[in-house]
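**Student:** Using only what follows, build the 3D model:
(one chain, ligands or ions: 1)
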Amino acid sequence: MKKVAIQGIPGCYHEMAARSYFTNEEVEVEPCLTFPNLFEKMSKDDSLLGIMAIENTIAGSLLQNHELLRKSDLSIIGEYKLRISHVLAALPGETLENISEINSHPIALMQCEEFLNQLPNIKIVEKDDTAASAREIQEKGLKGHAAICSRLAAEMYGLNILESGIETNKRNFTRFLVLADSWQRDDLINRQSINKASLIFTLPHTNGSLSKVLTILSFYDINLTKIQSLPIIGREWEYRFYVDITFSDYTRYKQSLEAIKPLTKDFKIQGEYAEFTETL
Ligand SMILES: O=C(O)C(=O)C[C@]1(C(=O)O)C=C[C@@H](O)C=C1
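**Tutor:** From the prediction side, this is the model:
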């Protein structure tokens, strides 16, 4: 049995990602209201696993989550990419004309921006997660409110679907990271399957410092899948780099790290894991 902390309540996309990643295993989800809450729970129970959204193909990176993960002692042990399709759902009997307020998770709202722009008179209110918005409408009998959530959440919480497929672009995918306390890492990862790593480092303000690192990675046949920079608080105009790479040869990957380390500062491997390769 895997106990997995998720941000959200049953019916949210984090739950779907958790069940899909651990598809052949029994999963008990531990709902958390916010991402900081998820980290807090995981720090108190080192047997707990976690699932955390890190980037979305419409809304971009969840920057706060990069920071939360860096500050924690957790490791990335896997990833999952989920197709996100939203519905607009309200109490039975409601029509789009009756709706005066739409509730959802901020990232889900961003993913439906074009749809929402067509409804300028409707108030948009951010909530903790998509499924919780649906549940609140049901529990409080909120007439005139609609939630942006999954079809599953709408059905779970007895809401009617007013519109479906309301995401701005059908190629709406969220990438989730699977997290574990570092001591669990070796038991949970099959070393043979490792072909991806997430790294963090800072660089000096000298000519070509990033370019030199990228050139070395390229020399070792390392493929860069993501690079994100975030400001270092307290060190104006200096940045920390969050880099994801894929590779086919683990030894060459390790050699590339030894080659780039002297050029970087505060170097950390956030996780080594198997790339998600299913076709979406
Ligand atoms: O509210 C939910 O259902 C969530 O799981 C959160 C979340 C997110 O944080 O990005 C997860 C995936 C979707 O991209 C939209 C919302």
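
**Student:** domains of this protein?
**Tutor:** Domain ranges of the chain: 2-83+172-182, 87-164, 193-273, per automatic domain parsing.

**Student:** what's the first-to-last distance across the first one?
**Tutor:** In domain 2-83+172-182, first residue to last residue: 16 Å (CA to CA, to the nearest Å).

**Student:** tell me the mean pLDDT over stretch 91-108?
**Tutor:** The predicted model gives stretch 91-108 an average pLDDT of 97.

**Student:** So is stretch 13-28 next to the ligand?
**Tutor:** Yes - applying CB under 6 Å from any ligand atom, one finds stretch 13-28 in contact with the ligand at 13-14. Placement of C-beta: from N, CA and C, glycine included.

**Student:** Stretch 83-96 too?
**Tutor:** Yes - for stretch 83-96, a contact with the ligand is found by CB under 6 Å from any ligand atom, at Ile84.

**Student:** what's the helix or strand of the chain with the lowest mean pLDDT in contact with?
**Tutor:** Here the helix or strand of the chain ranked lowest by mean pLDDT, DSSP states H and E is helix 185-188, holding a mean of 82. Helix 185-188 has contacts (CB atoms under 8 Å, 6 or more residues apart in numbering) with 49, 75, 77, 180, 271.

**Student:** From Ala180, how far out is Gly60?
**Tutor:** 26 Å (CB to CB, to the nearest Å).

**Student:** Sorry, wrong one. I was asking about Trp237.
**Tutor:** 35 Å.

**Student:** Glu114 contacts His86, doesn't it?
**Tutor:** No - using CB atoms under 8 Å, Glu114 and His86 do not qualify as a contacting pair, with a distance of 12.0 Å.

**Student:** Looking at those two now, which is surrounded by more residues?
**Tutor:** The residue with more neighbours, out of Glu114 and His86, is His86; 27 against 12, by other CB atoms under 10 Å.

**Student:** Give me the phi and psi for that one.
**Tutor:** Note on His86: its backbone torsions stand at phi -100, psi 150 [degrees, to the nearest 10].

**Student:** and what of Val243?
**Tutor:** Taking degrees, to the nearest 10 as the convention, Val243 sits at phi -120, psi 130.

**Student:** for Arg83, same thing?
**Tutor:** The phi and psi values for Arg83, taken as degrees, to the nearest 10, are phi -70, psi 130.

**Student:** Next, find the distance separating it from the ligand.
**Tutor:** Arg83 sits 10 Å away from the ligand, going by CB to the nearest ligand atom, to the nearest Å.

**Student:** just checking, that residue touches Asn172?
**Tutor:** Yes - Arg83 is within contact range of Asn172, at 6.9 Å (criterion: CB under 8 Å).

**Student:** Flag every buried residue along stretch 239-252.
**Tutor:** Neighbour counts over stretch 239-252 (16 or more other CB atoms under 10 Å) mark 240-245, 247 as buried.

**Student:** ok, and of the residues you listed, which contact the ligand?
**Tutor:** Of these, not one also sits near the ligand (CB under 6 Å from any ligand atom).

**Student:** Tell me how far Ser85 lies from Lys143.
**Tutor:** Ser85 sits at a distance of 26 Å from Lys143 (criterion: CB to CB).
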